[in-house]
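Q: Following is a predicted model, sequence given first.
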Amino acid sequence: MDKVKSFFGNKLVIAILSIALGVVFVVLRADVVTVGIVILGIVLLIAAAFFIITYFTSKASPKPTQNIIFGIIAAVIGILLLVNPPFITGLIPVVIGIILLIVGILDLIESFKTSGAGRGLSIIAALLLIVLGIIMLITQYAFVDVVTVFIGIALLVNGVVMLVANASQGPTASEG
């Protein structure tokens, strides 16, 4: 266990992993999202099994019904994620776009009801939410690509910064 802690505690290893993950995010945009959805589906199925097993093995009386409800919901969502990941990839920006539109419209309505110095900024922020929601609805897959590339670039920059910081510090007492 100490070797695992020291391996992942090494900033150089974390920097290299960050750079590698950043490259994967930039190069394999659609595959990264699909793999993430599959992993989430598997995690939800494991959680569902845990909730259902907990329900049936519980000695409490009455049995905690939330466990069976959470288990069924997690299982259904997990199966949906595993059955058609590309559909889910396209659905996520649509759901987020609709939410942004609704929040933007509600914020716009509220900003017209208020007065004061922040009213203009509130209107601008609400309009930006509405525009972003429309863009997400129109260009779902492009949005997923942009977000994935953005995350990849952030990971690359983080890894490079960590490498530079690690190189400028020189060897630590434990390394050299």
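A: Yep, that arrived.

Q: Which strand or helix spans the residue nearest the centre of the chain?
A: Compute the mean C-alpha point of the chain, and by C-alpha atoms, centre = their mean the closest residue is Gly36, 8.8 Å away. Assigned by DSSP states H and E, Gly36 belongs to helix 29-57.

Q: Buried residues in that helix, which are they?
A: By neighbour count on 16 or more other C-beta atoms under 10 Å, the buried set for helix 29-57 is 29, 32-33, 37, 40-41, 44-45, 47-48, 51-52, 55. Where you see a C-beta, it was placed from the backbone N, CA and C, and this is true even at glycine.

Q: do stretch 75-93 as well
A: Within stretch 75-93, judged by 16+ other C-beta under 10 Å, the buried ones are 75, 77-78, 80-82, 85, 88-89, 92-93.

Q: do the same with stretch 140-148
A: If you call a residue buried by 16+ other C-beta under 10 Å, then stretch 140-148 has these buried ones: 140, 143-144, 147-148.

Q: where along the protein do the helices fall?
A: Shown for the chain, the helices assigned by DSSP state H span residues 2-9, 11-27, 29-57, 65-83, 85-113, 119-138, 140-169.

Q: returning to what we had before: give me the packing partners of the helix holding Gly36, helices and strands only.
A: Counting contacts by 3 or more C-beta pairs under 8 Å, 6 or more residues apart in numbering; DSSP states H and E, helix 29-57 is packed against helix 65-83, helix 85-113, helix 140-169.

Q: Could I get those helices in a markdown table, plus columns for distance to Leu129 and mean pLDDT?
A: Output for the helices and strands packed on helix 29-57, formatted as a markdown table (distance: least, C-beta to C-beta, whole Å; pLDDT from 0 to 100):
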| stretch | distance to Leu129 | mean pLDDT |
| --- | --- | --- |
| helix 65-83 | 27 | 92 |
| helix 85-113 | 3 | 88 |
| helix 140-169 | 14 | 83 |
